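Participant: What shape does this take:
(one chain, ligands or ions: 1)
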Amino acid sequence: MALITIDSVSRVFEDSQRKQVVTALDNVSIQVKRNEFLCLLGPSGCGKSTLLNMIAGFDKPSSGTVTVGGQVITEPGADRGVVFQQANLMPWLPVWENVAFHLKMRGASKADRREKAQRYIEMVGLKGFENHFPSELSGGMNQRVGIARALLMNPEVILMDEPFGALDEQTKMDMHGELIRIWRESQSTIVFVTHGIDESLALGTHVAVMSARPGRIRELLPIELERPRDPTSAAFNDYKRHILSLLRPETVKEPA
Ligand SMILES: Nc1ncnc2c1ncn2[C@@H]1O[C@H](COP(=O)(O)OP(=O)(O)OP(=O)(O)O)[C@@H](O)[C@H]1O
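Facilitator: You can find the predicted model right below:
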């Protein structure tokens, strides 16, 4: 049984300023099972964030439905944690308070927040930095705080929108390894938006390759590569070649 079902979802935006309509997603259907790691891959503007936002409950389909655990999504919920490209931390709060921020909103005591935060701070490898402030941490460390904050609510699904987009290549590769460890440890289900082919192949159990606007699913690929994945291996590059061919603009056939 699928945990997430995206069923015939379309999303049309009305651009009133330019007096035009934009079809961001056109009849998209995907299913994600528990513990899968789905990467949504496609060119800029193909509707990846729009799709993720609908799973998060920040936006609604123009037609079709998104269900998580059998419930039709109409609003955000604690069953779905979201990690954005920017960690969006509170600069005036130390790491542990940022991690436990949602608990504070729910009125949990300081002792309870501190204790609950610790487990996730350790899970993302930030032990020793509990009392640091965001400005004292690197970009990668701030993203770890954002991931710990999302994990703390113990969500069934973690939704990530290009979370490592602003990081340098080496830090990004380190974070990939960390994220796979966290995904396994937390036994969560992840939907991860990226426009990086290598990133999608480093992470996903599945890669959904999307076409340029209007966004459609060109192919949903199960990725059968052993971990840790070697981006120089022949098998990795076979997948890469196939994805590149899917992303290449369709060539116009000459008339016979
Ligand atoms: N609120 C909105 N109003 C009007 N158009 C929108 C809105 N949100 C998104 N769009 C349009 O829908 C299309 C898909 O946008 P979306 O941000 O989902 O793409 P994306 O694949 O995530 O792009 P990127 O990789 O550049 O972040 C784009 O053409 C965008 O301009």
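Participant: use CA for all of it now, contacts and neighbours both
Facilitator: Fine.
Participant: Work out the gap between stretch 199-219 and the centre of the chain.
Facilitator: Relative to its chain's centre, stretch 199-219 lies at 12 Å (CA atoms, centre = their mean, to the nearest Å).
Participant: ok, and the closest non-adjacent residue to residue 32?
Facilitator: residue 4 (5.0 Å; CA to CA, 6 or more residues apart in numbering).
Participant: Near that neighbour, how many other residues are there?
Facilitator: 22 (other CA atoms under 10 Å).
Participant: buried residues in stretch 41-57?
Facilitator: Residues of stretch 41-57 classed as buried: 41-43, 46-57 (neighbour count, 16 or more other CA atoms under 10 Å).
Participant: Send me it as CSV with only the CA atoms.
Facilitator: Only the C-alpha atoms of stretch 41-57 are listed here, as CSV (Å, rounded to 0.1, in the frame of the first residue of the first chain):
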residue,chain,number,x,y,z
LEU,A,41,14.0,15.7,-10.8
GLY,A,42,13.5,18.2,-13.6
PRO,A,43,14.4,21.5,-15.1
SER,A,44,13.7,24.8,-13.5
GLY,A,45,10.0,25.7,-13.6
CYS,A,46,8.7,22.2,-14.2
GLY,A,47,6.6,22.2,-11.1
LYS,A,48,8.7,20.3,-8.6
SER,A,49,8.1,22.7,-5.7
THR,A,50,4.5,23.0,-6.6
LEU,A,51,4.1,19.3,-6.3
LEU,A,52,6.0,19.2,-3.0
ASN,A,53,3.9,22.1,-1.6
MET,A,54,0.8,20.2,-2.3
ILE,A,55,2.0,17.2,-0.4
ALA,A,56,3.0,19.6,2.4
GLY,A,57,-0.5,21.1,2.3
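Participant: Contact partners for the closest residue to the ligand within the stretch 151-256 of the chain?
Facilitator: Distances between the stretch 151-256 of the chain and the ligand by CA to the nearest ligand atom are smallest at residue 195, namely 6.2 Å. Residues near residue 195 by CA atoms under 8 Å, 6 or more residues apart in numbering: 41-44, 162.
Participant: hmm, try it at 6 Å
Facilitator: 41-43 (CA atoms under 6 Å, 6 or more residues apart in numbering).
Participant: Just flag the most distant two among the buried residues of stretch 41-57.
Facilitator: 43 and 57 (22.9 Å; CA to CA).
Participant: so residue 46 touches residue 209, yeah?
Facilitator: No: taking CA atoms under 6 Å as the definition, residue 46 is not a contact partner of residue 209, at 10.2 Å.
Participant: centre of the chain versus the longest helix along the chain, how much separation?
Facilitator: Assignment by DSSP state H gives helix 169-186 as the longest helix of the chain. Centroid displacement of helix 169-186 relative to its chain, using CA atoms, centre = their mean, is 13 Å.
Participant: So which residues on the chain come close to the ligand?
Facilitator: By CA under 6 Å from any ligand atom, the residues of the chain that approach the ligand are 13, 15, 24, 44-50.
Participant: buried ones in the longest helix of the chain?
Facilitator: Within helix 169-186, the residues scored as buried using 16+ other CA under 10 Å are 172, 175-180, 182-183, 186.
Participant: Okay, helices next: where are they in the protein?
Facilitator: 48-56, 95-99, 101-105, 110-123, 139-152, 169-186, 197-203, 234-247.
Participant: Now mean pLDDT too, for these, in a markdown table please.
Facilitator: Listed next are the helices of the chain as a markdown table, based on pLDDT from 0 to 100:
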| stretch | mean pLDDT |
| --- | --- |
| helix 48-56 | 97 |
| helix 95-99 | 96 |
| helix 101-105 | 88 |
| helix 110-123 | 92 |
| helix 139-152 | 90 |
| helix 169-186 | 89 |
| helix 197-203 | 97 |
| helix 234-247 | 97 |
